[in-house]
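**Q** Provided below for reference: sequence and predicted model.
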Amino acid sequence: MRSFKEIKKHYDFTEGDEVRLSSISGVMSENVDEAMDALDSWILGTKETARFFADEGRRTRVFGAHRKWFLDLFCGKYDQQYYERLIRIGQTHVRVSVEAHYMNRAINILRSCCIDILNRSVEDPEERTRMLISVEKILDINLDIITSSYIEEELRTYSKAYRVKNALVTFSEGFSQTMNLVLVIALIGLTLGVVGLFVFDVHKLVTGNLEHGIITALGSMLILWVMIELMNTEIAHLKGGKFHISVFVGVALVTIIRETMIATLKKESPETIYYLIAAILVIGVVYWLVTRTEERNR
Ligand code: HEM
């Protein structure tokens, strides 16, 4: 919150303004009923503001407070106490949920009343203009300080929501990092498993049927190659790169190709082979479509 001195300086509110405002306090006191009638009848005639005053006791008390505030505008002494009073007024309205929009409208009504009163009461046009400028300044200063309570309240609410949002984002980020770690560990484990499978197939190649051994070893090598590709994709993703779904489709494709090779060697029934070939065809088309799209988006 700015200091009162700073606010007055920004509005170029001088001792001259203080003197001028104090000099019209008599005129304003004489016409206070007119100003308050305009404000009160607007408040009571507007559904959204009238609802605050269903209770008569409250109406009398608050309208009395409004009147006192209006007369204080022309007191001529705008010190720290005056400033603190305005801050309290802002806080009170925020607390009872009177929207800032109605405060702006209330000042607008009172501004028009003051202009009317001065036009009637001050004959010299130059003097009247100076008085009007001083009245405009004090009304704007009041509105500025009163509505700053609304801004502060909004900031507090916003920062509360911001804190919750921030905590959620931090938690999700941490969770995502942990899951990435789990994924990397799982990929390393699986790749080691595929290496084991490859070694096992090579062993079979040396000790058993050569043809069978070569084909199964080739199949596991294919899977190992795709696993490496999968790890590279994950590393690129961790470095902030795009996620390539084609690698996963590739894994499925290579696995089915390996299955088909083994099924052929095992002399499985033709239906099984046909199913596998159909699966290769379908996944192959999907793979082609996905890689094409990824390349286009690159
Ligand atoms: C020029 C703008 C206004 C000024 C300067 C002003 C001033 C004040 C003051 C001095 C008080 C007493 C504060 C206190 O007891 O601490 C008050 C209370 C109140 N004002 Fe205003 N007011 C303004 C506009 C409005 C408007 C447009 C409404 C419309 C609903 C309104 C509704 C209220 C209510 C409901 C309270 C009572 C709060 C309570 O019960 O404690 N005011 N106002």
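**A** Sure thing, it's come through.
**Q** how about His93, nearest residue that isn't a chain neighbour?
**A** In space, and not counting its chain neighbours, His93 is closest to Met103: 6.4 Å by Cβ to Cβ, 6 or more residues apart in numbering. For every residue, glycine as well, the C-beta is placed using N, CA and C.
**Q** can you check Ile133 too?
**A** In space, Ile133 is closest to Asp17, 7.8 Å off (Cβ to Cβ, 6+ apart).
**Q** swap in Ser112?
**A** For Ser112, the spatially nearest residue (Cβ to Cβ, 6+ apart) is Ala38, at 7.7 Å.
**Q** mind giving me the packing neighbours of the helix or strand hosting the one you found?
**A** Element membership for Ala38, per DSSP states H and E: helix 32-45. Other helices and strands packing on helix 32-45, by 3 or more Cβ pairs under 8 Å, 6 or more residues apart in numbering; DSSP states H and E, are helix 47-50, helix 56-72, helix 100-121.
**Q** wait, does it contact the ligand?
**A** Yes. Helix 32-45 is in contact with the ligand by Cβ under 6 Å from any ligand atom, via Ile43.
**Q** related to what we said a few turns ago, isn't the residue nearest to Ile133 right next to Ser134, touching?
**A** Yes. Counting by Cβ atoms under 8 Å, Ser134 is a contact partner of Asp17 at 4.2 Å.
**Q** what is the mean pLDDT for the strand or helix carrying Ile151?
**A** In this assignment (DSSP H and E), Ile151 forms part of helix 125-207. Averaged over helix 125-207, pLDDT sits at 87.
**Q** got the angle between it and helix 56-72?
**A** Put simply, helix 125-207 runs at 110 degrees to helix 56-72, going by axes from the mean of the first three to the mean of the last three Cα atoms, to 10 degrees.
**Q** to the chain's geometric centre, what's the distance from helix 125-207?
**A** 8 Å (Cα atoms, centre = their mean, to the nearest Å).
**Q** got the helices and strands packed on helix 32-45 as a markdown table, with mean neighbour count, distance to the ligand and mean pLDDT columns?
**A** Listed next are those as a markdown table, based on neighbours: other Cβ atoms under 10 Å; distance: least, Cβ to the nearest ligand atom, whole Å; pLDDT from 0 to 100:
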| stretch | mean neighbour count | distance to the ligand | mean pLDDT |
| --- | --- | --- | --- |
| helix 47-50 | 12 | 4 | 95 |
| helix 56-72 | 14 | 4 | 96 |
| helix 100-121 | 16 | 4 | 97 |
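**Q** for Ile283, give its distance to Ile257.
**A** The gap separating Ile283 from Ile257 is 9 Å, by Cβ to Cβ, to the nearest Å.
**Q** nearest residue to the closest residue to the ligand within the stretch 151-298 of the chain in space, please, no chain neighbours.
**A** The nearest approach of the stretch 151-298 of the chain to the ligand comes at Glu153, 15.1 Å away (Cβ to the nearest ligand atom). Leaving out its chain neighbours, the residue that sits closest to Glu153 by Cβ to Cβ, 6+ apart is Val94, at 4.8 Å.
**Q** spit out the contact partners of that neighbour.
**A** Contact partners of Val94, counting by Cβ atoms under 8 Å, 6 or more residues apart in numbering, are Ser149, Tyr150, Glu153.
**Q** ok, the first one - contacts?
**A** If I follow you right, that is Ser149. Shown in contact with Ser149 (Cβ under 8 Å, 6+ apart): Ile87, Gly90, Gln91, His93, Val94.
**Q** can you tell me the element the last one falls in?
**A** For Val94, the element it lies in under DSSP H and E is helix 80-95.
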